[in-house]
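Enquirer: When you get a sec, could you give me coordinates for this:
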Amino acid sequence: MPLGRPEDELLLCCARTDRSPEIATRIGTLVEASTDWEHLVRTAHAHGVAPLLFWHLDTTCPGLVPESAYSHLREYFQANSLHTLFLTGELTRLINAFGARGVPAVPLRGPALAISAYGSLALRRFLDLDIMIYHGDFAKAKEALASLGYRPRHRLTPAQELALLNSRFEYIFARDDGQSAVELHWDISEHFSSRIDPDCLWGRLQQIRLGDDLVPTLSPEDTLLMLCAHGSKHLWERLAWICDVAELIRACQNLRWEQVLAQARALGSERMVLLGLFLARDLLGAALPEEVLRRVEADQAVETLARRICERLFREANGQPELFREAYFHPLHRMMKERLRDKIRFCLRVVTTQAVEDWKLLPLPDFLFPFYRMLRPVRLVSRYSLRIFKRLV
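Expert: Here you go, the predicted model:
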């Protein structure tokens, strides 16, 4: 990807755990050429890679970094390290509380990914905890969270909660003191064209060590699929999400690539997965096998999508909001789908799946809940029609 600013290339060089002599030399050269440190630090925070930026600068060339930028990054690195330790301890507490109620729980991303892919809690920023449970265990999990001071982020009526549990794949809780949040997941298929069999996910679990505890985690292959789905859902707007993919590939030298590609095809989401892999290789130097590269070359849309993503990645905010942001609805999402029926299904899901915003806009008693099905399409049409009109005039 062509970069016009040395600061942006510097950030790409630092968004990895690779400390090879070649990377260190390039970082030193770019530090000497960098002048807009305010832009660099601001962009690093926006992309969630400030810990990695400091880790590299502190080792490679601390004397060349302006004192104000260096002090800020050092303090942030220390604060992030303490916060990730706190969240890791909180994760252990939650898993124990779930286990006491007979609820199997699997950490997603967060501390588990920091340890397995980055090798350190301090190098990856995460602000909440994602935990996978069985859908049928939601009530017991909610009870366990309540016992530890967690409440649902949104106040929902029974009908609203039931609709969310049947149409969404996650439910968000926040601790009463505001120090942490938990997202319960019972499926990781939200952005795939087809659903992953939950029993297969649970059957492929592995274990990693967090402190003194062994905790279950998704297999590297399933983790890679999950990361590509998550990044695609958010249009890869943060470099940290691409970094997650690249670091997982570096850390797992024995990835079963045939399984990854076969499952991606079975889910109707091969293009989406190939996009994540291509970005990790093109921007952060992740090594991909020849078979993956051949798949990328066979689908011209992958490189087109990657180019569009890269154009957005370091673009300065121009004060104009994205036109399509509701429920992660964007033309690029449709382009990520290979099959026409999946594009249509995606659009229908966005239009028909109710969201908390719909319920907040017009609170209705539970016996009138079916009327929300008509409200959502009307609200979306009116919102986007107004935005399109404003763009035209």
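
Enquirer: Nearest residue to T92 in space, please, no chain neighbours.
Expert: Nearest residue to T92 in three dimensions, chain neighbours excluded: D213, at 5.5 Å (C-beta to C-beta, 6 or more residues apart in numbering). Every residue, glycine included, has its C-beta placed from N, CA and C.

Enquirer: Could you measure from that neighbour over to A355?
Expert: 36 Å (C-beta to C-beta, to the nearest Å).

Enquirer: out of these two, which sits in the more crowded spot?
Expert: The neighbour count for D213 versus A355, taken as other C-beta atoms under 10 Å, is higher for A355 (18 against 13).

Enquirer: wait, doesn't the more buried one sit right on L361?
Expert: No. Applying C-beta atoms under 8 Å as the test, A355 and L361 come out as separate, 9.7 Å apart.

Enquirer: any shared contact partners between those two?
Expert: Residues touching both A355 and L361 (C-beta atoms under 8 Å, 6 or more residues apart in numbering): none.

Enquirer: List the buried residues for the helix or strand where T29 lies?
Expert: According to DSSP states H and E, T29 maps onto helix 21-33. Buried residues in helix 21-33, counting neighbours by 16 or more other C-beta atoms under 10 Å, are found at 23-24, 26-27, 30-31.

Enquirer: among these, which two are most distant?
Expert: Among the buried residues of helix 21-33, the pair separated by the greatest distance (C-beta to C-beta) is I23 and V31, at 12.4 Å.

Enquirer: just checking, what packs against the longest helix along the chain?
Expert: Longest helix of the chain, by residue count under DSSP state H: helix 67-100. If contacts are counted by 3 or more C-beta pairs under 8 Å, 6 or more residues apart in numbering; DSSP states H and E, helix 67-100 sits against helix 37-46, helix 50-60, helix 110-113, strand 129-132, helix 138-147, strand 206-210, strand 213-217.

Enquirer: Could you dump those into CSV and include distance to S81?
Expert: Shown next, in CSV, are the helices and strands packed on helix 67-100 (distance: least, C-beta to C-beta, whole Å):
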stretch, distance to S81
helix 37-46, 16
helix 50-60, 8
helix 110-113, 12
strand 129-132, 17
helix 138-147, 26
strand 206-210, 15
strand 213-217, 19
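
Enquirer: Just put those in JSON lines and tack on mean pLDDT and distance to K233.
Expert: Formatted as JSON lines, the helices and strands packed on helix 67-100 follow (pLDDT from 0 to 100; distance: least, C-beta to C-beta, whole Å):
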{"stretch": "helix 37-46", "mean pLDDT": "94", "distance to K233": "18"}
{"stretch": "helix 50-60", "mean pLDDT": "96", "distance to K233": "23"}
{"stretch": "helix 110-113", "mean pLDDT": "96", "distance to K233": "16"}
{"stretch": "strand 129-132", "mean pLDDT": "96", "distance to K233": "13"}
{"stretch": "helix 138-147", "mean pLDDT": "96", "distance to K233": "22"}
{"stretch": "strand 206-210", "mean pLDDT": "91", "distance to K233": "24"}
{"stretch": "strand 213-217", "mean pLDDT": "91", "distance to K233": "21"}
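
Enquirer: picking up where we left off before, what's the closest of the buried residues of helix 21-33 to P111?
Expert: For the buried residues of helix 21-33, the closest approach to P111 (C-beta to C-beta) belongs to I23, at 25.9 Å.

Enquirer: Start and end of stretch 134-151, how far apart?
Expert: 19 Å (C-alpha to C-alpha, to the nearest Å).

Enquirer: which residues does L73 contact?
Expert: With the criterion set at C-beta under 8 Å, 6+ apart, L73 makes contact with 41, 44, 50, 53-54, 57, 65.

Enquirer: pLDDT score for it?
Expert: On pLDDT, L73 comes in at 97.

Enquirer: Next: K360.
Expert: pLDDT recorded at K360 is 75.

Enquirer: What's the local residue count around it?
Expert: Using other C-beta under 10 Å, K360 has 10 other residues around it.

Enquirer: buried ones in the helix or strand containing it?
Expert: Assigned by DSSP H and E, K360 falls within helix 356-361. Residues of helix 356-361 classed as buried by neighbour count (16+ other C-beta under 10 Å): 358-359.

Enquirer: Can you spell out which helices and strands pack onto that helix?
Expert: helix 158-167, helix 372-392.

Enquirer: after the first one, next one along is what?
Expert: From helix 158-167 onward toward the C-terminus, using DSSP H and E, the following helix or strand is strand 170-175.

Enquirer: what mean pLDDT would you report for that next one?
Expert: In this model, strand 170-175 has a mean pLDDT of 93.

Enquirer: Can you give the distance of that strand from its chain's centre?
Expert: 16 Å (C-alpha atoms, centre = their mean, to the nearest Å).

Enquirer: Let me see the contact set for D299.
Expert: Applying C-beta under 8 Å, 6+ apart, the residues contacting D299 are 270-271, 274, 338.

Enquirer: Max pairwise distance over these: which two?
Expert: Most distant of the contacts of D299, by C-beta to C-beta, are L274 and E338, 10.0 Å apart.

Enquirer: So for those two, which residue has more residues nearby?
Expert: Set side by side, L274 and E338 show more neighbours around L274, with 27 against 17, by other C-beta under 10 Å.

Enquirer: what's the more buried one in contact with, if anything?
Expert: Neighbours of L274 in contact, by C-beta under 8 Å, 6+ apart: 264, 292, 295-296, 299, 302.
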